[in-house]
Structure formats: structure tokens, C-alpha cells
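[1] need coordinates for the following:
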Amino acid sequence: QVQLVESGGGLVQAGGSLRLSCAASGRTFGSYVMGWFRQAPGKEREFVAVISWRGDRTIYADSVKGRFTISRDNAKNMVYLQMSSLKPEETAVYYCAAKQWGTVAARRVSEYDYWGQGTQVTVSS
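    Purely as a prediction, here's the structure:
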């Protein structure tokens, strides 16, 4: 089992940057595919990015390609989401999620086993 805790959210102006972090507990972190999702008020939770166990493969939602970067440090049990050129419509609660023995094909909410509590990102115009 793994527990996830996100941090790094906050208020940023449009065009600005933020780096989200996700700290994971457990000794088997390296066996988990890690994803970032977001949920805006009144909308469904949506996929943002996913990274493979070893960090050598990443997939992004089309809307964030070229602006967001997902990375991980298995020695520290950490996953990161570097976000740049943020837009007001990207205001949402951002969640990290874990899927054991998954692949980077895992982009649906239902595919993930564990979730963090989320961190609020607010982008002002």
C-alpha cells in the first residue's frame, strides 16, 4: 500500500509557473506508475500526465504538452509536476495517483489504485 501527499499548489498569475510535489510512502514506490490528474469545479477529474516506474517514459494530455513536465525520484519516493505558462482555465485541484505494475497507458481515473488528497492551483487572469 502507498500513501500520497501533494504539495506546492497556490495562487499564480497567468503565464506563471508552479512545481507540484507528491511524496509517497512505502518501500515499493519504484513499482508504481505515477500520474497527475486535475479537477476543476463542476468538472470531471482529468488526466494530465503519467510517468513509468523507472521514469524513462512519459505521456501528457494534449492540452499541457510542451508546458508541463512530470518527473520522479525513486530514491526519495517523490513525483513532481513542473507547470509553466499556466492559464486561468487550469485552475483546479491537482491530484497525484499511483498504479502498481501499470504502464504509461494508464490515463483513466478508474485505473489508479491510490490517490492523494489534492493540492489547489489557482491561476489568476
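[2] got the phi and psi for S110?
    Here is the backbone geometry of S110 (degrees, to the nearest 10): phi -70, psi -10.
[3] and it, what is it in contact with?
    Applying C-beta atoms under 8 Å, 6 or more residues apart in numbering, we find S110 in contact with no residue. (C-beta placed from N, C-alpha, C; glycine too.)
[4] against Q39, how distant is it?
    14 Å (C-beta to C-beta, to the nearest Å).
[5] need the three-state assignment for A98.
    strand (DSSP: H, G, I helix; E, B strand; the rest coil).
[6] for Q39, name its beta-bridge partners.
    V93 (DSSP bridges).
[7] okay, and the spatially most central residue of the chain sits in which element?
    Of all residues in the chain, the one closest to the mean position by C-alpha atoms, centre = their mean is W36, 2.2 Å from it. Assigned by DSSP states H and E, W36 belongs to strand 32-39.
[8] residues contacting that strand, please?
    2, 20, 22, 24, 45-53, 70, 72, 79, 81, 90, 92-104, 106-107, 109, 112, 118, 121.
[9] that older thread, neighbours around the residue nearest to the residue nearest to the centre of the chain when sequence neighbours are not counted, how many?
    Closest residue to W36 apart from its sequence neighbours, by C-beta to C-beta, 6 or more residues apart in numbering: V48 at 4.3 Å. When counting by other C-beta atoms under 10 Å, one arrives at 25 neighbours for V48.
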